[in-house]
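Student: attaching a predicted model along with its sequence, questions to come.
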Amino acid sequence: MINRLRKFLNDLFSDSEKDDISIGIYGPPNAGKSTLANHISKDISGEEMSNISEVPHETRAVEKKEQVTIESDDGRTLDLNLLDMPGISTNVDFKDFTEHGVEEDEAKGRAKEATKGIVEAIKYLDDVDACLVIFDSTEDPYTQVNVTIIGNLEAKDIPILVLANKVDLEDSDPSRVRDAFPQHPVLEISAKEGENIDKLYQEIIERLG
Amino acid sequence: MAKKDEGVTIEFLSKDKLSGDSFEEKLTSVLEKVKDNHVLVLEEGWNSEEKSMLIQASMEEIDEEFAGVEFMSLDSSNSRFDRAKELFYQKVLDQEYRDGLTIVGNSRVMEKIKEERDTVSFLAKLEDAE
């Protein structure tokens, strides 16, 4: 698995002639995209970049953290643009928000914003250089939306690292993620607890060296 | 309020019926019927880009009455033979390779969706007929 991860990171950085690269964090709603984005952003800059909520579609527009500089031990650097994407789904029902206690008028407004965010996230598939695709490992990731996201990235030859998130939870089963997308390296993480995030950083910094 | 028909219309569209239309025309027609609570079973597979176009087009239609779609597909496998067949269709025959089935329905009608690589199922939910 580590070898496949190294290959991904080699592919990610070695052929790039750009001064900086944009990494999109994709996945379904509530998979932990913003939790991961915040963890990375906080580690690098000390600041969080996205709001987090159990209400679905909390991120309704692409959140950008530009020119995040990663520095390796020997002083080499690379600028990253980190893009926290709205969760992609095939439907947005304002009733899902009211069930979480949101007032009806606000729920309708949120639903409208969420639909625009999903369209924006899909359009960004043409602009990202690499992607972290994150799934909740307590759920079955083999859904048409997830297959569609991965399929689009594959068709565009965009390097993908699949993350099986929430491994801190008792009913986590990362093997379902590996089984669903066996063609990609899968890193097991807990964005909330920071589990294995260091491993990801270390590999990235090593590839930069 | 007039009483709605109690039931869900499931419409099967053959590949011959589908082959005459451009994808954009199919998408418009599919969304129109899905908004009218039909579940469509299309005798053709859609590629990832087309599926993302369905998602985008659905998002642009969403309002208080229409919450979006659910879709499922049974596509060809990812074996080398299938990929070679796909490539042959595209490069030699200059045709879209469309083996498979695509099922699209209103998200307020389709629920309990189960998907595996070779089996899909869902529960067609009847709306309250008030």
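Tutor: Right, received. Where do you want to start?
Student: CA only for contacts and neighbour counts going forward, please
Tutor: Noted.
Student: is it correct that A:K65 falls within a strand?
Tutor: Yes - counting by DSSP: H, G, I helix; E, B strand; the rest coil, A:K65 is found in a strand.
Student: pLDDT score assigned to it?
Tutor: pLDDT, A:K65: 86.
Student: list the contacts for it?
Tutor: By C-alpha atoms under 8 Å, 6 or more residues apart in numbering or on different chains, A:K65 lies in contact with A:41, A:49, A:81-83.
Student: need the max-distance pair from these.
Tutor: Using C-alpha to C-alpha, the pair of those lying farthest apart is A:M49 and A:N81, separated by 12.1 Å.
Student: spit out the residues that contact these two alike.
Tutor: Joint contacts of A:M49 and A:N81 (C-alpha under 8 Å, 6+ apart) are A:64-65.
Student: can you read off the backbone torsions of B:T119?
Tutor: phi -140, psi 130 (degrees, to the nearest 10).
Student: from chain B, how far out is A:L125?
Tutor: As judged by C-alpha to the nearest C-alpha, to the nearest Å, A:L125 and chain B stand 10 Å apart.
Student: then A:A155?
Tutor: 8 Å.
Student: how many residues are close by that residue?
Tutor: 11 (other C-alpha atoms under 10 Å in any protein chain shown).
Student: over to A:T98?
Tutor: Neighbours around A:T98, by other C-alpha under 10 Å: 16.
Student: got the residue ranges for the helices in the chain?
Tutor: In the absence of a named chain, chain A is used. For chain A, the helices defined by DSSP state H cover A:2-14, A:33-45, A:94-98, A:104-123, A:144-155, A:174-180, A:197-208.
Student: not what I meant, chain B
Tutor: B:15-19, B:23-35, B:48-61, B:80-87.
Student: ok, the residue nearest the centre of chain B - contacts?
Tutor: Nearest residue to the geometric centre of chain B (C-alpha atoms, centre = their mean): B:V104, 3.2 Å. The neighbourhood of B:V104, defined by C-alpha under 8 Å, 6+ apart, consists of B:30, B:34, B:39-41, B:69-72.
Student: redo that, cut-off 10 Å
Tutor: By C-alpha atoms under 10 Å, 6 or more residues apart in numbering or on different chains, the residues touching B:V104 are B:10, B:30-31, B:33-34, B:38-42, B:54, B:69-73, B:110.
Student: for stretch A:91-104, the distance to its chain's centre please.
Tutor: With C-alpha atoms, centre = their mean, to the nearest Å as the basis, stretch A:91-104 stands 24 Å off its chain's centre.
Student: same check on stretch A:175-195?
Tutor: 12 Å.
Student: go on, stretch A:87-98?
Tutor: Centroid separation between stretch A:87-98 and its chain, computed with C-alpha atoms, centre = their mean, is 19 Å.
Student: and it, C-alpha only, in PDB?
Tutor: Written as PDB, here are the backbone C-alpha positions of stretch A:87-98 (Å, rounded to 0.1, in the frame of the first residue of the first chain):
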ATOM      1  CA  GLY A  87     -20.300  17.300  -1.100                       C
ATOM      2  CA  ILE A  88     -21.700  16.000  -4.400                       C
ATOM      3  CA  SER A  89     -25.100  14.400  -4.400                       C
ATOM      4  CA  THR A  90     -27.900  13.800  -6.900                       C
ATOM      5  CA  ASN A  91     -30.600  15.500  -4.800                       C
ATOM      6  CA  VAL A  92     -31.000  18.300  -2.300                       C
ATOM      7  CA  ASP A  93     -34.200  18.300  -0.400                       C
ATOM      8  CA  PHE A  94     -34.900  21.300   1.800                       C
ATOM      9  CA  LYS A  95     -36.800  18.900   4.100                       C
ATOM     10  CA  ASP A  96     -33.500  17.300   5.000                       C
ATOM     11  CA  PHE A  97     -32.500  20.700   6.500                       C
ATOM     12  CA  THR A  98     -35.700  21.200   8.400                       C
END
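Student: skip the chain neighbours and tell me the closest residue to the residue nearest to the centre of chain B.
Tutor: Excluding the flanking residues, the one nearest B:V104 by C-alpha to C-alpha, 6 or more residues apart in numbering or on different chains is B:F71, at 4.4 Å.
Student: which ones are touching that neighbour?
Tutor: Neighbouring residues of B:F71 by C-alpha under 10 Å, 6+ apart: A:90, A:143-145, B:39-41, B:51, B:54-55, B:102-107, B:110, B:113.
Student: which of the helices and strands in chain A ranks last by mean pLDDT?
Tutor: Of all helical and strand segments in chain A, the minimum by mean pLDDT, DSSP states H and E falls on helix A:2-14, at a mean of 58.
Student: ChimeraX command for the buried members of the contacts of A:K65?
Tutor: To isolate the buried members of the contacts of A:K65 in ChimeraX, using 16 or more other C-alpha atoms under 10 Å in any protein chain shown:
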select /A:41,49,81,82,83
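Student: which of the contacts of A:K65 sits closest to chain B?
Tutor: A:L83 (19.2 Å; C-alpha to the nearest C-alpha).
Student: which residues touch the closest one?
Tutor: For A:L83, the contact set (C-alpha under 10 Å, 6+ apart) comprises A:22-26, A:33-34, A:37, A:49, A:62-66, A:121, A:124, A:128, A:131-132.
Student: 6 Å - rerun?
Tutor: A:24, A:63-64 (C-alpha atoms under 6 Å, 6 or more residues apart in numbering or on different chains).
Student: residues contacting the closest residue to chain A within chain B?
Tutor: Going by C-alpha to the nearest C-alpha, chain A is nearest to B:G68 of chain B, at 4.0 Å. B:G68 sits next to A:91, B:58, B:62, B:107 when contact means C-alpha under 6 Å, 6+ apart.
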